[in-house]
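> Provided below are the primary sequence and the corresponding predicted coordinates.
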Protein chains: 2
Amino acid sequence: MQNVISAVCIQCGAEIEATPNITTCPKCGGIMDIKYDYQKIKRKLTKEMLSDRKINTMWRYMEFLPVTGESKVPKLRVGWTPFYEASRLAEYIGIKKLYVKDDGVNPTASLKDRASAMAVVKAEEAGMDTIACSSTGNAASSLAGNAAAAGFTSYIFVPERAPKGKVAQLMVFGAHVISVKGNYEETFRLSAEAIDHWGWYNRNAAINPYLMEGKKTVALEIAEQLNWKMTDYVAISVGDGCTIGGVWKGFKDLYEAGFIDRLPRLISVQAEGCCPLNRAIAEGKEWYPMEENTIADSIAVGVPRNPDKALWAIRESNGVVVNVSDEEILAAMRLLGRTCGVFAEPAGATGTAGVKKAVETGLIKKDASVVSVVTGSGLKDVANAMKAAGEPVAIKPDMSLLLEAFERI
Amino acid sequence: MQNVISAVCIQCGAEIEATPNITTCPKCGGIMDIKYDYQKIKRKLTKEMLSDRKINTMWRYMEFLPVTGESKVPKLRVGWTPFYEASRLAEYIGIKKLYVKDDGVNPTASLKDRASAMAVVKAEEAGMDTIACSSTGNAASSLAGNAAAAGFTSYIFVPERAPKGKVAQLMVFGAHVISVKGNYEETFRLSAEAIDHWGWYNRNAAINPYLMEGKKTVALEIAEQLNWKMTDYVAISVGDGCTIGGVWKGFKDLYEAGFIDRLPRLISVQAEGCCPLNRAIAEGKEWYPMEENTIADSIAVGVPRNPDKALWAIRESNGVVVNVSDEEILAAMRLLGRTCGVFAEPAGATGTAGVKKAVETGLIKKDASVVSVVTGSGLKDVANAMKAAGEPVAIKPDMSLLLEAFERI
């Protein structure tokens, strides 16, 4: 960890050595944050050096990551995902500049690969060969895929209600999947006991501070893909808070090391039916639990596990919060598909739904520039894609009927 | 088209100008092939120049493509997909060297994006703004996605039996989808009439010779990713024959232009339940239609539309043919997932199933080196992934039950 200084508790400020298997603060139980020597990075790394690098993965930013050159970089090609200028979408929404970062084009089709790839490296450094987590979604499949590629064993705890398709994906990757006859809370508790009992490496983004360091690479890429000229805003969907926290950490890193000269404001987008963090910001109060009523399952988190870093990121960036309905999410899926050729899962399109609503309601100005992050692929949730998509024209194989049908449209 | 000389009919040898909207041979109806000036390419392009290029898409090989510098390169980031050395899989199969090219990591999650991206460029050159095809699978979704990203209109004809999920993906991309109450043959005929009637650009890989030029980029990438040291074999699943034809064209291009000093032998892998092309090779006879009995829907083609180029490629490469059962395909899906973290759809894992069987039956030697191409993502066909994957351990949320369950495994 050439440029890492320590791990610091964001609650009590305790500073400890950044060993590979740290979890929460040993003093107060708070969430830890990895601290870097930015002056050292500044001296050693330039924009030109980065631009000349041929490493087209998240590992091109080695100096900003908690790994040494000797760390075995995992095999799966995670990161350096496509970045599109979405001029037709910008025009439709009525905003000056809009970019789409498509993190659905990752090996297991979500941004979570960035965190899981990091988990594999740190588990290896810790001398462990088994990694575990509890999750029903993208974190689970990304852990299973990245662990398999690196030759690690994975144990994944899912509540019995987990969609069979997602379970199948885990099983194809050879994860040991434990289907728990209970709700998510019970599943999480059983996984915690098992991790303790067997001493597995803990891949839980809110407990293991290194995972956010993986997630932050999406921000590093966005900045470089913008040629270091930051947009006014960056929009992202928010569930447990780890991803928006990671995005902010990435931009702050670049700012501290002199790679960008201004920080973007974050647009935190949640579903109307499940927005405890945005509610806390809007009300200026503490967050409290909320029901999970949304089709965007990846961000349906009524009890976010990383509220502190998320709220801090939104507040420190002078961010804005937007809540969108399921209908608005489905409409954003269609918009991304039709104007960009990007197929997003509901949570993946939520950021874009938020940008549209923020422009409509005057929350952000029409002459603003925005990056919208798509966090996962629509192929992960075909059922909701069908809700978004509408019905095709159905006719018998007869040209005259086709002509008639087209006249009716 | 800086290095293109002409289009040549592979049946009658007629040579015509390579205009953007050529289809089949105007003289005999045969399939056309694009002819290049390899000496010109040799003089202008070196391996070092390629290696220094920062274009991480299929368009990094502009000199080998039927496009000019002025051609508007489409926005979607197609190609330059991951290439993995699969040492654990090689060990399991019992072969010296095995590489996996994961073309499921394309914008719409299949190799077909390479052809559709090319279709968009050629349609633009032809001054057309609407592209059409008939298909139920990857060609359809890749056309819909690439057309949407480039601002083109697409019309896609699907038989009514097309899976709803795939139709939904098309609709999300904003394609005009016509669901035809009939079988595939009737659907194809209606699409041909409609293309004629409205003068749409024809995206049909067996009719439009440029699409194969897109597909061949997978071979160009494989060679560069191998640092121009070709393996003994390249294995790929085969349906209508366009993809294996394109792969062979790519390697031949590189050989003619002096970028590789030997050609690989092709391993043509089909499903036992649908293998008309492999049967023709094995029997040394003409091909004739076959039923379509396999779970690998993308290669379930009983009447291949590009048999000539496919058979020619297998024969000219001194290739081998292998047919695999559905069980062997499902096993290959598990193998790719568990040893490489690559999630393939059935047709995507078929090439790997063929490599395994070819080694087991002594068709290829254990000291051979092989590249296996994964042509599409497993997220496209979750139902079959579930067949491949098996069942998780199901228990109540109780640590003592978990301990018991693990003892039983």
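Right, received. Where do you want to start? All of these numbers come straight from a predicted model, not from anything done at the bench.
> for chain A, what spans make up the strands?
Remark: strands of chain A, listed N- to C-terminal, are A:4-9, A:15-16, A:32-36, A:83-85, A:97-102, A:130-134, A:153-159, A:176-180, A:201-202, A:233-237, A:265-271, A:320-324, A:369-374, A:393-395; assignment by DSSP state E.
> columns mean pLDDT and distance to chain B on top of those strands, output as a markdown table?
(C-beta placed from N, C-alpha, C; glycine too.) Output for these, formatted as a markdown table (pLDDT from 0 to 100; distance: least, Cβ to the nearest Cβ, whole Å):
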| stretch | mean pLDDT | distance to chain B |
| --- | --- | --- |
| strand A:4-9 | 96 | 27 |
| strand A:15-16 | 97 | 29 |
| strand A:32-36 | 96 | 26 |
| strand A:83-85 | 97 | 6 |
| strand A:97-102 | 98 | 8 |
| strand A:130-134 | 93 | 11 |
| strand A:153-159 | 93 | 7 |
| strand A:176-180 | 93 | 4 |
| strand A:201-202 | 92 | 16 |
| strand A:233-237 | 98 | 18 |
| strand A:265-271 | 98 | 19 |
| strand A:320-324 | 98 | 18 |
| strand A:369-374 | 98 | 11 |
| strand A:393-395 | 90 | 4 |
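> so which of those comes closest to B:Ile207?
Ranking those by their distance to B:Ile207 (criterion: Cβ to Cβ) puts strand A:393-395 first, at 23.1 Å.
> that closest one packs against which elements?
For strand A:393-395, the packing partners by 3 or more Cβ pairs under 8 Å, 6 or more residues apart in numbering or on different chains; DSSP states H and E come out as helix A:399-408, strand B:176-180.
> deepest-packed of those, please.
The highest mean neighbour count among the helices and strands packed on strand A:393-395 belongs to strand B:176-180 (a mean of 23), with neighbours defined as mean count of other Cβ atoms under 10 Å in any protein chain shown.
> near chain B, which residues of the stretch 301-409 of chain A?
A:333-334, A:337-343, A:377-380, A:382, A:385-386, A:388-399, A:402-403, A:405 (Cβ under 8 Å from any Cβ of the partner chain).
> could you report the neighbour count for the closest residue in space to A:Lys27 that isn't next to it in sequence?
Counting by Cβ to Cβ, 6 or more residues apart in numbering or on different chains, A:Lys27 lies nearest to A:Ala14, which is 4.5 Å off, once chain neighbours are set aside. For A:Ala14, the count of nearby residues is 16 (other Cβ atoms under 10 Å in any protein chain shown).
> for A:Ala14, what are phi and psi?
Dihedral pair for A:Ala14: phi -60, psi 140, per degrees, to the nearest 10.
> got the helices and strands packed on strand A:393-395 as CSV, with distance to A:Ile93 columns?
What follows is those, written out as CSV (distance: least, Cβ to Cβ, whole Å):
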stretch, distance to A:Ile93
helix A:399-408, 29
strand B:176-180, 23
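> A:Phe152 is nearest to which of the ones you listed?
Among these, the nearest to A:Phe152 by Cβ to Cβ is strand B:176-180 (42.2 Å).
> quick check: the residue of the stretch 1-150 of chain A nearest chain B.
A:Ala149 (3.0 Å; Cβ to the nearest Cβ).
> and the pLDDT at that residue?
The model reports A:Ala149 with a pLDDT of 96.
> so it touches B:Gly341, yeah?
Yes - distance between A:Ala149 and B:Gly341: 3.0 Å, which falls inside the contact criterion (Cβ atoms under 8 Å).
> shared neighbours of those two, anything?
Counting by Cβ atoms under 8 Å, 6 or more residues apart in numbering or on different chains, the contacts common to A:Ala149 and B:Gly341 are A:Lys75, A:Leu76, A:Pro107.
> can I see the domain layout of chain A?
Partitioning chain A according to automatic domain parsing yields domains covering residues A:83-109+A:211-389, A:129-199.
> before we move on, the earlier item: now the residues of the stretch 301-409 of chain A next to chain B: which count as buried?
Listed as buried from those are A:333-334, A:337-343, A:377-380, A:382, A:385-386, A:388-389, A:392, A:395, A:397-398, A:402; burial here means 16 or more other Cβ atoms under 10 Å in any protein chain shown.
> from those, which land in helices?
In helices, judged by DSSP state H, the following of those are found: A:Met333, A:Arg334, A:Gly337, A:Arg338, A:Thr339, A:Cys340, A:Val382, A:Ala385, A:Met386, A:Ala388, A:Ala389, A:Leu402.
> could you work out the most separated pair of the residues you listed?
Maximum pairwise distance among those (Cβ to Cβ): 28.9 Å, between A:Cys340 and A:Leu402.
> phi, psi for A:Ala300 please.
Its backbone dihedrals place A:Ala300 at phi -80, psi 80, with angles given as degrees, to the nearest 10.
> list the residues that contact it.
If you count contacts by Cβ under 8 Å, 6+ apart, A:Ala300 has them with A:Gly239, A:Ala271, A:Gly273, A:Cys274, A:Glu292, A:Asn293, A:Thr294.
> could you rerun that using 6 Å?
Under the criterion of Cβ atoms under 6 Å, 6 or more residues apart in numbering or on different chains, the neighbours of A:Ala300 are A:Cys274, A:Glu292, A:Thr294.
> what does A:Val342 give?
A:Val342 sits next to A:Val100, A:Asp102, A:Leu336, A:Val374 when contact means Cβ under 6 Å, 6+ apart.
> of those, which is the most crowded?
A:Val374 (33 neighbours).
> and it, what does it touch?
Under the criterion of Cβ under 6 Å, 6+ apart, the contact list for A:Val374 reads A:Asp102, A:Asp103, A:Gly104, A:Val342, A:Ala344, A:Gly348.
> name the nearest residue to the third one, ignoring sequence neighbours.
Pointing back at A:Gly104 there. That would be A:Ser377: by Cβ to Cβ, 6+ apart, it lies 3.4 Å from A:Gly104.
> report how many residues lie close to A:Phe64.
Burial of A:Phe64, expressed as a neighbour count using other Cβ under 10 Å, amounts to 25.
> for the one 5 residues further on, same thing?
Other residues lying near A:Gly69 total 7 when counted by other Cβ under 10 Å.
> A:Ala347 too?
Other residues lying near A:Ala347 total 32 when counted by other Cβ under 10 Å.
> wait, it touches A:Ile236, no?
No - under the contact definition of Cβ atoms under 6 Å, A:Ala347 does not touch A:Ile236, with a separation of 10.0 Å.
> how much space between A:Ala389 and A:Gly337?
Using Cβ to Cβ, to the nearest Å, we find A:Ala389 at a distance of 8 Å from A:Gly337.
> overlap in contacts, these two.
Common contacts of A:Ala389 and A:Gly337 (Cβ under 6 Å, 6+ apart): B:Val172.
> now do the helix or strand bottoming out on mean pLDDT in chain A: distance to the chain's middle.
Among the secondary structure pieces of chain A, namely its helices and strands, helix A:164-172 has the lowest mean (mean pLDDT, DSSP states H and E), a mean of 85. Centroid displacement of helix A:164-172 relative to its chain, using Cα atoms, centre = their mean, to the nearest Å, is 20 Å.
> so A:Ala296 touches A:Gly351, yeah?
No - checked against Cβ under 6 Å, the pair A:Ala296 and A:Gly351 is beyond contact range at 10.6 Å.
> low-confidence ranges in the stretch 1-150 of chain A?
Within the stretch 1-150 of chain A, the ranges that satisfy pLDDT under 70 run A:1, A:70.
> let's go with 50 and repeat that
Counting by pLDDT under 50, the stretch 1-150 of chain A contains no low-confidence range.
> chain B contacts on that one?
Of all the residues in the stretch 1-150 of chain A, those in contact range of chain B (Cβ under 6 Å from any Cβ of the partner chain) are A:Asn56, A:Lys75, A:Leu76, A:Arg77, A:Pro82, A:Tyr84, A:Gly145, A:Ala148, A:Ala149.
> looking at it, A:Pro74 is touching A:Ala115, isn't it?
No - contact status for A:Pro74 versus A:Ala115: not in contact, 11.9 Å apart, counting by Cβ under 6 Å.
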